[in-house]
Structures are given as structure tokens and as C-alpha cells.
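> Requesting a structural model of the entry that follows:
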Amino acid sequence: MKLVSVIKSNLEEHRANEPLILLTMGDANGIGPEIILKIFNETSYFTSFNLKVAGSKKIMDYYAQIFNLTEIPSDFFCEIPVKEKFDVKIGEINKSAGKYSGDCVAAAAKMCLEKKVEAMVTLPISKEAFNLGGYAFNGHTEMLTSLSNSFASAMLLYSKKITVSLATIHIPVEQVAHKIGREMLIEKIILINNSLIKDFRKIEPKIAVLGLNPHAGDGGMIGKEDDEIIIPAIKELRDFGFNIQGPFPSDGYFATGKYKQFDLTFAMYHDQGLIPFKMIAFEKGVNFTAGLDFIRTSPDHGTAFDIAGRGVANTKSTLKAIKLARKIAKHRNSYVIS
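Next up is the predicted model:
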């Protein structure tokens, strides 16, 4: 009853003063429902935000019973219909859970585009289940870019210690070199630079670019891409007035802590950027999709099927994702183009 009374006494004040943020449930067989329940049950967290859940109250109530937590009231749901019947199979990958997780993401994106909510925070999906369920995307970023009116987007991992963005994201390593081109790099870095200014309030952001090959190509001895593609792109951006340096060999760059000198590190491929990011800021980092028409953040971890249903999921990264979504919403609401 304590949660209900707090909700009733504070709800109107929340809605008046805080951006409305929608939490997608994630894969119903993973840790997403547990994390959302824990956040709603901790009144000190809950009273700080204006939140709703894009998902199934029935599924969330099932987890509330498992974890002996208070059910989330109906008023705090944007109920997404379960079009295909399925039973929760904790810790398992299956088609029906994947389809429903995709349905929740699609519905939340639509509400963002219609300005019914100001931001969305996506709890983890299983990419395998996602595809089994009929969503032919390699992740949230690709799907949301397709659903939005944006011509491009960028995956940006933010924390207080390090911020990383990527030239390529969820593709096989063998395809990375073929995807990287001078114009592509320039467009992606301009997009990220603009987001750092508008969304993160960075004035003249300082960006470091990592090399693709070992030793950043070593003068063309270990691959030509650094000399023929990356360096010309950096030079052109510098000529445009961007505060950008590189390409840096990634091993020494992270080992010496050089990343601390920059607002953002731009990596060429997924693991080049995310391995050091997660070693430095795991559970303290947030995934943000730059370039969308709406705000989307997410925790920096996955579905964690191995611990699903055990009650040990950590809310830290999701709370940071909510806080960042709120912060960016307020920044955008007050942003003025000079």
C-alpha cells in the first residue's frame, strides 16, 4: 500500500515537471521485467521520474509474484497487446518472446514519434529471439533508425569516465573494412558531433578517432585503410573546423588512458570500442542512439538469461539510462540553434 499512496500523492506533480519516459519491457524471458519492477518498487527512485511501461501487465504481475514485489498499477502501463499467446519461459530463447519484445519496441517508437512520450528506455532483447519473431534487425539501433524519420543514426555509449561511438555496429568483423569509407566516416562524425553539442551540451567537442588496423596501419605496412580512408576523413573534418585527432592505435590509446583527454572516442567496429568501454564503465554506462527524431537510451548489458528469475539483476545501468534520457529531454527542450 505504501507504493500506491506515494503514487497517488505525487503523480500529478511528476507529470507536470518531468518528461514522460517509456520503458520497454525487453525480452520477457530475460531480466528486463525484474529490473522494471525493482525500480517501481523503490519509492526513492520512482518518485524522481515520470515513467510508464510499454509491455504486458499480466507478464509483469507474474514476475511480481515470483519476486514478492508490489505490482505496478494499471495507470503506469501503455499496454501492448500480446498478439501471439506464449508462456513465460525464464532464461529461454523463443520466437514468441522475441516477437513480443519487438512489438513493444515498435509501439514505443510510434508513441515517441507522435510526441505522446518524450523518451524511451529499452530493456534488453535477445537478437536471436528478435529475428525468430520476425524482426529482421540486428538490434534496437537498426530497428529504431528504420522506424524513425532519420536518415542515419549512431550508437553512442556514455559514462562519466568514457564515451564511445562506433563507425560500424552489429556486423561481422570480415565486413568492417568494406563498410568504412571516407564519406561515411565524415557523415557519422558530423552526426555525433552535433549530438554532443545538442544532447550533451559539449562546446566544441574533442573527438579521438581510432585506427582500423594494428598500429593504425603503420604507414600502410599493415593495411591501407588508415592512410587512404581514415586520415583523409580526419583532415577534411579538421578543415571544416572540427576538433578531431587520430587515428590512434587502439591498444596504446586505452592502455595509457589517453581517452581521458577527449569528450568521445570514435571506434571503427563494435568490439574495438565496447570491450574497453565495458571494462571501464560496466553497469555505469548507457547506450544512446544519436541522430534519431526521438530520444532512446538503454542499459549497457544484455538479457542475462543465465541469471533471469533469480532476483539478482542490477538496476544501476537502467537507472542511469533513465537519468540520461531525462537529462537529454530537458536539454532538447531548451536547445536554441544559434
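
> Count the neighbours of residue 86 for me.
Using other Cβ atoms under 10 Å, residue 86 is surrounded by 17 other residues. From N, CA and C alone the C-beta is placed, and that goes for glycine too.

> Beyond the helix or strand where residue 59 lies, next helix or strand please.
According to DSSP states H and E, residue 59 maps onto helix 57-67. Counting by DSSP H and E, the next helix or strand C-terminal to helix 57-67 is strand 77-79.

> hey, where'd the helices end up in the stretch 151-300 of the chain?
173-179, 182-198, 225, 231-239, 250-255, 270-281 (DSSP state H, counting those that start in this stretch).

> Quick check: which of these has the most neighbours on average?
Of those, the one with the most neighbours on average (mean count of other Cβ atoms under 10 Å) is helix 225, at a mean of 22.

> At the geometric centre of the chain, which residue sits there?
Nearest to the mean C-alpha position of the chain, by Cα atoms, centre = their mean, lies residue 287 at 2.9 Å.

> Next one: the nearest residue to that residue once chain neighbours are set aside relative to residue 286, how far apart?
What sits nearest to residue 287 in space, not counting adjacent residues and going by Cβ to Cβ, 6 or more residues apart in numbering, is residue 298, at 4.5 Å. According to Cβ to Cβ, to the nearest Å, residue 298 and residue 286 sit 7 Å apart.

> what is in contact with those two at once?
Residues touching both residue 298 and residue 286 (Cβ atoms under 8 Å, 6 or more residues apart in numbering): residue 321.

> tell me the contacts of residue 272?
Applying Cβ under 8 Å, 6+ apart, the residues near residue 272 are 210, 250.

> distance of it from residue 306?
From residue 272 to residue 306 the distance is 26 Å (Cβ to Cβ).

> next one: residue 275
Distance from residue 275 to residue 306, by Cβ to Cβ: 20 Å.

> repeat for residue 122
20 Å.

> Check residue 96 too.
For residue 96, the distance to residue 306 - Cβ to Cβ - is 21 Å.

> Give me the mean pLDDT for stretch 61-68.
Per-residue pLDDT over stretch 61-68 has a mean of 96.

> what comes into contact with it?
33, 34, 37, 38, 69, 70, 71, 72, 88, 309, 311.

> what do you get if the cut-off is 6 Å, keeping everything else the same?
33, 37, 71, 311 (Cβ atoms under 6 Å, 6 or more residues apart in numbering).
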